[in-house]
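*Asks:* I would like the atomic coordinates for the input below:
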Amino acid sequence: MPAMKNKVDSGFRIQGSGSGPRVALGSRLTTRYSLLLFFLLIAGSLSAQQSLSDFLQQVDRSNPELKALRAKTDAAKVSAKTRLTPNDPELEYEYMPGKTHEAGTRTTLRVRQQIDFPTVYFNKSKLAVIQENSLEQEFRVSRRQILLDAARLYNRQVYLSKIILLTEMQATRTSALLDAWQKKMVQGDATALDLQKVKLEAISTKNELRLAQEEQNRNLELLRVICPDKSLDFQYVDYIAYEIPDDSLVARYLESDPELARANAETELSRQELNVARSEKLPGFSFSYGYEETPGQHYTGPGVGLRLPLWQNHNRIRASKAALAFSEEKQTELRLKRRVEIQGKFNQAKTLKASANEIQQALTETDSSGLLGTALDAGEISLIDYFTELNFFHKLQTQFLGLELEYQQVMTELDSVNW
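*Replies:* Numbering: from 1, shown residues only. Below you'll find the model as predicted:
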């Protein structure tokens, strides 16, 4: 499979993740995790060991469904080449004893070969070639869908890895805050109600992390099903960096679209089937050579016959014309539909990129998690206010990762026409 094209980096990376509440025992730890998150999400592509291109090549080699489809396509290609030669010769033998002894016995031996008009064989051979191409285009469509499903799972694995990293940072922050509040409780500087709020927040974050990890495990199992290659390593993965394609590239995407290529092949196949039907209206021939023996005499010599195509292929041409008209209309309709779909994907990618850039800018400019910790330590805000603001910031980060995933899925689908 051709390697995926590397694009200019889209800039989709989380920034401003914050250092967490500045409580005495948690500030260094949460700051360290914030920096870890920042550098891993910013430079994730540099540490990626299992690129999407490598993964799709492994899927192409080891996916069981693809192997079965390849074998089925190859068998159908061989089948398309059958019946391209003349019919088998016929051997006829007659033994006819006379009713009286004087009449004797008559014996006849004849070999006969039937052939169609030469144009029929030419058109059938051409039809077989077109059938092979049509079968290959059908396989390409199925292959692309399998690879696209695999790529979507891969992208989701990247997304879940980032979500887990982000949630781990949140869990570390709340765990450090819980330790600090428990110490404050012992010292009499905190109330039981405040400690309970911190405990509930810590439990909520741990559950969120547990669910994300479970979802990642399920996604990993699906990846293992679609690609049984045991050498795969999804510990370090990252997105392909795409730039938004220009609208002028819509025509190029249409030219590469395997679904349109399949429709074109089907139309060409219907057109050639019409040519075969027309050529079969031409007469066929039969050639023979016989031997006949009667008492005291024997005869040998060639024979020739003419097959008149009167009713065997009745309405065959009319049916082939109807099939061709349907294929042409279907091809036109599909081309219009695919143009609208691809243009829609382009527009969707632009919207997702703009929304993600807006959130990224907001995250960069409004990272107030460190200030929130200071204000909480100073008693300027309550725990409720602290968690409200912190969770809002965490929600923005999660929303950013979601937009990043959607953008990758759309761009991957567009790029898949080149696979």
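*Asks:* which ones are touching the spatially most central residue of the chain?
*Replies:* Among the residues of the chain, L148 comes closest to the average C-alpha position under CA atoms, centre = their mean, at 2.1 Å. Contact partners of L148, counting by CB atoms under 8 Å, 6 or more residues apart in numbering, are 412-413, 416, 419. C-beta: built from backbone N, CA, C; applies to glycine.
*Asks:* and L177, how far is that from I384?
*Replies:* If you measure L177 against I384 using CB to CB, to the nearest Å, the figure is 13 Å.
*Asks:* higher neighbour count, those two?
*Replies:* Higher neighbour count among L177 and I384: L177, with 25 against 10, using other CB atoms under 10 Å.
*Asks:* can you pull the pLDDT of that one?
*Replies:* The per-residue pLDDT reported for L177 equals 81.
*Asks:* top of the contacts of L148 by neighbour count?
*Replies:* Of all these, the highest neighbour tally under other CB under 10 Å goes to T412, namely 22 neighbours.
*Asks:* mind putting the contacts of L148 into TSV with pLDDT and secondary structure?
*Replies:* Shown next, in TSV, are these (pLDDT from 0 to 100; DSSP: H, G, I helix; E, B strand; the rest coil):
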residue	pLDDT	secondary structure
T412	94	helix
E413	93	helix
S416	91	helix
W419	86	coil
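*Asks:* quick check: the farthest pair among those residues?
*Replies:* Greatest spatial distance among the contacts of L148 (CB to CB): E413 and W419, at 10.8 Å.
*Asks:* what residues sit buried inside the strand or helix carrying L396?
*Replies:* Following DSSP states H and E, one finds L396 within helix 383-415. Using 16 or more other CB atoms under 10 Å as the test for burial, helix 383-415 gives 383, 386-387, 389-390, 393-394, 396-398, 400-401, 403-415.
*Asks:* ok, stretch 204-213 next?
*Replies:* Buried residues in stretch 204-213, defined by neighbour count with 16+ other CB under 10 Å: 205, 208-209, 212.
*Asks:* and that stretch, how far from the chain's centre?
*Replies:* Put simply, stretch 204-213 sits 30 Å off its chain's centre (CA atoms, centre = their mean, to the nearest Å).
*Asks:* and for that stretch, what's in contact with it?
*Replies:* 160, 163-164, 167-168, 170-171, 174.
*Asks:* and which of the contacts of L148 is nearest E94?
*Replies:* W419 (63.7 Å).
*Asks:* tell me how far E90 lies from R83.
*Replies:* E90 sits 17 Å away from R83 when distances are taken as CB to CB.
*Asks:* what do you get for L153?
*Replies:* Using CB to CB, L153 is found at 43 Å from R83.
*Asks:* can you tell me which of the contacts of stretch 204-213 is nearest A265?
*Replies:* Nearest member of the contacts of stretch 204-213 to A265, counting by CB to CB, is L160, at 38.9 Å.
*Asks:* list the contacts of that closest one.
*Replies:* 212, 215-216, 219.
*Asks:* tell me the predicted confidence for it.
*Replies:* Predicted confidence (pLDDT) for L160: 94.
*Asks:* does it count as helix, strand or coil?
*Replies:* What DSSP: H, G, I helix; E, B strand; the rest coil gives for L160 is helix.
*Asks:* likewise R83?
*Replies:* Following three-state DSSP, we place R83 in the coil state.
*Asks:* ok, and the closest non-adjacent residue to it?
*Replies:* Nearest residue to R83, sequence neighbours excluded (CB to CB, 6 or more residues apart in numbering): K124, at 7.3 Å.
*Asks:* was I right to think the one you found contacts T82?
*Replies:* No - using CB atoms under 8 Å, K124 is not in contact with T82; the gap is 10.2 Å.
*Asks:* more neighbours, the two?
*Replies:* Per other CB under 10 Å, whichever of K124 and T82 has more neighbours is K124, with 20 against 8.
*Asks:* any idea how far E243 is from the more buried one?
*Replies:* 49 Å.
*Asks:* do V237 as well
*Replies:* 20 Å.
*Asks:* so for those two, which sits in the more crowded spot?
*Replies:* Neighbours of V237 and E243, each counted by other CB under 10 Å, are more numerous for V237; the result is 21 against 13.
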